[in-house]
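K.L.:
Give me a 3D structure for the following:
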Amino acid sequence: MKKDAVAYLSTRKRGDMEHHRAIVEEFCKYKFSINRVFTDHRVNSMPPRKREGYGEMLAYCQKHGIKYVLFLNLSSLSRNLDNGLEELKLLLSEEIVPYFAEDDFIANVDDPAARVGDFKNFLAYMNTYREFARKNVSNHVRPASQPKGSIGRPRALNDGQIEALITVRRSGISISQICRMFNVSRSTVSKILADYPELKGEWKGAQSSSEAKSE
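P.N.:
This next block holds a predicted model:
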């Protein structure tokens with residue numbers, strides 16, 4: 001039996017709405033029945049609770065007892081990682097279980113209780129990493145000078161930060177967000193992900209060029 005759910009879509013381009021909606025509907029067609037779709041446009045940098053469509057979605061869920069919300073992906077919650085993680089925590093505290101049509105990094109789909117447990121473990125890990133990052137903020141900035149006897153440029157990130165970068169990329173965080181989080185360039189991220197082709201994604205500039213040629 002399908003579970004009652006709502007969908008929330010946040011887009012940067014008006015033309016993306018129907019495309020994103022089709023992806024969400026394809027994801028849920030055997031699992032969920034979408035009661036309503038709520039939307040916001042060009043608000044990714046705004047905390048979710050300050051968005052009009054998002055607020056309407058939460059009020060609807062509360063009024064009708066909806067426990068499942070479908071998003072396109074994790075980054076559609078917010079382009080700011082701290083805001084996105086805080087919103088995940090709030091949703092779970094309100095007994096709302098989020099699902100992602102793309103890059104859903106939580107293995108449990110059919111067991112909501114187990115899924116909530118996985119989310120809590122993920123949030124605990126990310127909170128631990130954020131505390132570590134705050135205490136070691138100087139490690140995010142390239143040192144002015146290299147140690148004596150070293151050859152070449154200093155590393156932008158240490159081993160622990162590289163592991164954290166790979167983890168957050170697997171969770172669906174965009175490369176642009178990762179660059180801001182770790183204070184590194186896109187080329188540095190590309191080098192780190194060179195051994196993980198499934199995580200590299202497409203460069204939007206290249207995609208736009210190819211689309212222009214086909215028109």
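K.L.:
where in the chain is pLDDT low?
P.N.:
132-155, 201-215 (pLDDT under 70).
K.L.:
now the helices for it?
P.N.:
In chain order, the chain shows helices spanning 16-28, 52-64, 81-93, 112-135, 159-170, 175-182, 186-192, 197-200, 204-214, with DSSP state H as the criterion.
K.L.:
quick one: which of these is nearest residue 38?
P.N.:
Checking the helices of the chain against residue 38 by Cβ to Cβ gives helix 52-64 as the closest, at 3.9 Å. Where C-beta positions appear, they are placed from N, C-alpha and C, glycine not excepted.
K.L.:
got a list of contacts for that closest one?
P.N.:
With Cβ atoms under 8 Å, 6 or more residues apart in numbering as the contact definition, helix 52-64 has outside contacts at 4, 6, 8, 10, 35-36, 38-40, 48-49, 66-67, 69, 94, 96.
K.L.:
Please apply the same query to stretch 186-198.
P.N.:
Looking at stretch 186-198 with Cβ under 8 Å, 6+ apart, the contacting residues turn out to be 156-157, 162, 165-166, 169, 175-176, 178-179, 182, 199-200.
K.L.:
burial count for residue 66?
P.N.:
When neighbours are defined as other Cβ atoms under 10 Å, residue 66 has 18 of them.
K.L.:
who touches it in this structure?
P.N.:
When contacts are counted by Cβ under 8 Å, 6+ apart, residue 66 touches 4-6, 35, 60, 96.
K.L.:
Distance of it relative to residue 30?
P.N.:
With distances defined as Cβ to Cβ, to the nearest Å, the gap from residue 66 to residue 30 amounts to 19 Å.
K.L.:
could you measure the closest residue in space to residue 117 that isn't next to it in sequence against residue 74, distance?
P.N.:
Nearest residue to residue 117, sequence neighbours excluded (Cβ to Cβ, 6 or more residues apart in numbering): residue 108, at 7.9 Å. Residue 108 sits 16 Å away from residue 74, taking Cβ to Cβ as the criterion.
K.L.:
Thanks a lot, catch you later.
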